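Student: One predicted model, sequence on top.
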Amino acid sequence: MHTAIRRLGLLALGETPRDDVSPTFRSILGRSVQILEAGALDGLSADELKEFMPREGEAPLETRLRSGTAIEISRQAILPRLIATAAQLSNHCDSILLLCSGEFPALANACPKLIQPIHILRGAIGAIARQRVLGLIGPASDLEEAPAQWAPYAPHLLCAAASPYGPMDLAEAAGRDLAGRRAQVIYLDCMGFNEEHRLAISRSAGLPVMSATTLTARVLCEMV
């Protein structure tokens, strides 16, 4: 029997295509899902990008440009473009996945097709880490708020900074640091981390590693 191909939209905070993570989704989801990508920063000039820089005192969001360069942006400034981009994707997709492990209530309200990974990840982390020491790796800009955000799901939390857009050896070093501090399992808390990061950090740290990206993709197999 023929099965209709489903269309999944990947909604990025930065620019697309996201050649760093979209292959991981394609590998896990298989040929029955067609992936379309769109980013809130697509089509902007270098001068226009400056309008989305974080304001003084604002916690920045880290994302990626098409070139592979990491960039920090303002959550408040990017939200209207994120909503508009989601609306465009909705015209062509059955479901839309936000490529960010943060929470955007206004975006969810504006886009009924939106899947926010954070709701998947909280359940998975709570199931695995409630009785274990969890080592979390994420961008430095996220780590100040991470303990409070994850306390209900991972009460024994250690953090180490590494960006998915930086050198792999720094991410591996963060994994070894957490292993040295007696973490029992590691979680990569950014949708920029891919399967290559997960495997490399697991080998380096000698610990099981969960990634926001791969956890989300595997749950999506049952949803799209």
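Tutor: Received it, and whenever you're ready, just let me know what you need. Computed from a predicted model, the values in this text were never measured in an experiment.

Student: Please count neighbours and contacts with C-alpha atoms only from this point.
Tutor: OK.

Student: Specify the residue ranges that define each domain of this structure.
Tutor: 6-117, 119-215 (automatic domain parsing).

Student: Turn the ones you listed into TSV, including mean neighbour count and distance to residue 224.
Tutor: Formatted as TSV, the domains of the chain follow (neighbours: other Cα atoms under 10 Å; distance: least, Cα to Cα, whole Å):
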stretch	mean neighbour count	distance to residue 224
domain 6-117	17	7
domain 119-215	19	14
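
Student: tell me the phi and psi of the most centrally placed residue in the chain?
Tutor: Nearest to the geometric centre of the chain sits residue 191, at 1.7 Å (Cα atoms, centre = their mean). Dihedral pair for residue 191: phi -70, psi 0, per degrees, to the nearest 10.

Student: which residues touch residue 79?
Tutor: By Cα atoms under 8 Å, 6 or more residues apart in numbering, the contact set of residue 79 is residue 107.

Student: so which helix or strand takes in it?
Tutor: Using DSSP states H and E, residue 79 sits in helix 75-90.

Student: picking up where we left off before, I figured the residue nearest to the centre of the chain hits residue 116, correct?
Tutor: No - here residue 191 does not reach residue 116: they are 11.1 Å apart, not a contact under Cα atoms under 8 Å.

Student: what touches both of those two?
Tutor: 100, 101.

Student: So what touches stretch 58-70?
Tutor: Contacts for stretch 58-70 (Cα under 8 Å, 6+ apart): 13-18, 54, 71-75, 139, 141-142, 165, 192.

Student: Which members of those residues occur in helices, if any?
Tutor: Under the assignment DSSP state H, those contribute residue 75 to helices.

Student: Filter the contacts of stretch 58-70 down to the ones in strands?
Tutor: Applying DSSP state E to the contacts of stretch 58-70, the entries found in strands are 71, 72, 73.

Student: which regions of this protein lie under the pLDDT threshold?
Tutor: 1-5 (pLDDT under 70).

Student: can you give me the strands in it?
Tutor: Going by DSSP E, the chain shows strands at 6-12, 33-39, 61-64, 70-73, 95-98, 114-115, 134-138, 157-161, 185-188, 209-211.

Student: Residue 122 is nearest to which of those strands?
Tutor: Ranking those by proximity to residue 122 (Cα to Cα) places strand 185-188 first, at 11.5 Å.

Student: how about the ones in strands among the contacts of stretch 58-70 in a markdown table, adding distance to residue 42?
Tutor: Shown next, in a markdown table, are the ones in strands among the contacts of stretch 58-70 (distance: Cα to Cα, whole Å):
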| residue | distance to residue 42 |
| --- | --- |
| 71 | 13 |
| 72 | 15 |
| 73 | 14 |
